[in-house]
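Asker: here are the coordinates; sequence isn't available:
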């Protein structure tokens, strides 16, 4: 699966996603792109999911008609030790979101995973 890690994610998180093509926005020169432009660029480049810790994206972006899914990790910190426990759940969520295109925004937190559809 082709995954885009947005700028607020640490680059070393790429290594926690073996078996997937995980690319940080900084590697593509997309570090300054805003959420809407970044979503479109990710979609145009064939990314299947975007991973972020930006919890406001669900309120800032309409996902209607988007083919790229957004996985939002809801955690206290974006450091690697905190994010390590979410890596496997990103895989599960990424696979599930491909099957549930009607709800492409995923929120991951410690207690549950919930799908949020934005239109």
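Answerer: Okay, I see it. All of these numbers come straight from a predicted model, not from anything done at the bench.
Asker: Contacts only, for the residue positioned nearest the centre of the chain.
Answerer: The centroid of the chain falls nearest to residue 51 when counting by CA atoms, centre = their mean (1.8 Å). Counting by CB atoms under 8 Å, 6 or more residues apart in numbering, residue 51 touches 3-6, 9, 13, 22, 71, 73, 90. All C-beta atoms are positioned from the backbone trio N, CA, C, and that covers glycine.
Asker: Now, of those, which are buried?
Answerer: Among these, those scoring as buried are 3-6, 9, 13, 22, 71, 73, 90 (criterion: 16 or more other CB atoms under 10 Å).
Asker: For residue 37, which three-state class applies?
Answerer: Under DSSP: H, G, I helix; E, B strand; the rest coil, residue 37 falls in the helix class.
Asker: what's the neighbour count on it?
Answerer: 11 (other CB atoms under 10 Å).
Asker: Of the buried ones among the contacts of residue 51, just say which sits nearest to residue 46.
Answerer: Set against residue 46, the nearest of the buried ones among the contacts of residue 51 by CB to CB is residue 4 (10.0 Å).
Asker: so what's residue 53 up against?
Answerer: 8-9, 72-75, 78, 83.
Asker: Quick check: which of the contacts of residue 51 has the minimum pLDDT.
Answerer: pLDDT across those is lowest for residue 90, at 71.
Asker: Tell me the one among the buried ones among the contacts of residue 51 nearest to residue 45.
Answerer: residue 4 (7.9 Å).
Asker: And the helices in this protein?
Answerer: 35-44, 57-60, 80-83, 87-99 (DSSP state H).
Asker: between these, which gets the lowest average pLDDT?
Answerer: Sorting the helices of the chain by mean pLDDT places helix 87-99 lowest, at a mean of 60.
Asker: Identify each of the strands in the chain and give its residue range.
Answerer: Counting by DSSP state E, the chain has strands at residues 2-5, 21-24, 49-52, 69-73, 105-108, 113-116.
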